[in-house]
Structures are given as structure tokens and as C-alpha cells.
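[1] structural data only, the sequence is not supplied:
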């Protein structure tokens, strides 16, 4: 499919996509986003990170607009510094889903992202944060994970790969939750039916743009629904094979400023 010359909305994942491996935004990417903005395009972050872990990055980007957070479970307004929409994962359903998964694959280690713009990431004993630089609060027992409303559950298995754990979870969870894989060491349970696509659709409606106006960038299977929603999906060179298989285009890796490479072509200035 031949890409349009100009898109009104640029939706980007963060980790493994727009950000480099050290979680920074390169000067080239900043320049490409600024050029697109000068042409009238809006940049919308669509990330698995919960709103509290996105706010510092949005400040660094100088963003005053909307951001889809928590795999689509949260819509955050950077200008007003508030959540304007969120949906939670029922904690009883989450516990039931965990029980089913452990009956299938043995013990897993769990964490949760609490709901709200000030929510914390809680981790039970044995759970290792896939990105150690992100803040987390250890708890002593799994029961403490359920003390406040949550937007999602994060899972790790001591021996299974991410793909194996994701497949096993999908076999047994059914309609209790949506199962996604959003990065190395990051298999997640979120509210049933909630994806980046549902969050992106809600944000786009508020902005007055349509899927036909949107180009999306990502690197993991959790970006597949977003690619299905947008007019064009661009996978990073470092992307998971499942995402590359459904992408309209594969660009260079996040370390090679793959997002900027495409934006420079679409918005030549």
C-alpha cells in the first residue's frame, strides 16, 4: 500500500519504538516530530505504561495533548495533568484469571498498575521489573496487590518465554481479561476488550480525526490492534515477528531512529 503524503495524527508507542534503549528521545526524533507538528499533524503517545510513568516523558516532550496509557485503559490530558477517562480491571476477575493461569503453567510472579494519575506499580516477591529504571513498590503478599483499583496485572514466569506464557494465558483466561505482550518480560492482563486501538479511537474522536488520518508506529504484539485501527502501521526493525507480519511497512530500529526516518519522508518540510 502506498502511504499518504500527510497524516493528521501520528500515534507512537514509547519503549522500543520512539525511545531508544536508554529511554531517551534522540535529537533527530525530536526534529522529525517538530517538523510534522509544523505541517499540522498531532503526535499522540499510545503506550502500555500507566499514566504516572508517562507524565515525566510527556513533560520532556513538551506535550500538552492527549496520551493513551495503560494499553488503552487510560486517557490522560497532559495539558490539564489529569486522567479524563479510565477503566479498571475487576480485582476478583484478575485473581480468578491468575488462578487459572497458575493451574496451567505453575507459579507466576505478578505486579499491578494501580488506577489513577497518582497510582503506583506494586510488585509481589519474585517479580522483577523488566525495566529496572521504572519505579515500583514491593509488597509482602499477593493479597496486597488488590488493595486499590487497578488498570492491569503484569506477569512473569520463571522458565516460560513471553510467547509461551502469553499463549498459555490466552488459552485459559477467556473473557476474564485481555491478554497482551507489550515488551520483553511483560505479559499483561487488562480489562476485557480494552486495547490500544480502543484507547486510540477514543482519543481520535476527541481530536476530530479518523483512522484514515492516522499513521501508527510500534514494536510489540500489543500494537497489533492499533495497526488494525490506523490507516498505516509501521513496525520497527526490532519489532516482534507477529507485528511485522501485519505491518504496512518495516522501518529501522528504535536505536536507528526508525520513527524519524519515516516521518522525514512523510513530512519533508
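    Arrived safely, thanks for sending. The structure presented is a predicted model; accordingly, all values stated were derived computationally and were not measured. Numbers count the residues shown, from 1 in each chain.
[2] what secondary structure does the closest residue to residue 64 other than its chain neighbours sit in?
    Closest residue in space to residue 64, ignoring its immediate chain neighbours: residue 79 at 3.9 Å, by CB to CB, 6 or more residues apart in numbering. For the C-beta atoms, the positions are set from N, CA and C on the backbone; glycine is no exception. Under DSSP: H, G, I helix; E, B strand; the rest coil, residue 79 falls in the coil class.
[3] report the contact partners of residue 50.
    Listed by CB atoms under 8 Å, 6 or more residues apart in numbering, the contact set of residue 50 reads 69, 70, 74, 113, 114, 119, 121, 151, 152.
[4] once you drop chain neighbours, what's closest to it?
    That would be residue 113: by CB to CB, 6+ apart, it lies 4.2 Å from residue 50.
[5] Three-state assignment for that neighbour, please.
    Residue 113 is classified as strand under three-state DSSP.
[6] neighbours of residue 6, how many?
    Residues lying near residue 6 (other CB atoms under 10 Å) number 14.
[7] the one 5 residues further on now?
    When neighbours are counted by other CB under 10 Å, residue 11 registers 28.
[8] now swap in residue 70 and tell me
    If we define neighbours as other CB under 10 Å, then residue 70 has 33 of them.
[9] mind picking out the helix or strand in the protein with the poorest mean pLDDT?
    helix 51-61 (a mean of 87; mean pLDDT, DSSP states H and E).
[10] show me what that helix is packed against.
    strand 42-46, strand 66-69, strand 74-77 (3 or more CB pairs under 8 Å, 6 or more residues apart in numbering; DSSP states H and E).
[11] at 7 Å what do you get?
    Applying 3 or more CB pairs under 7 Å, 6 or more residues apart in numbering; DSSP states H and E, one finds that helix 51-61 contacts strand 66-69, strand 74-77.
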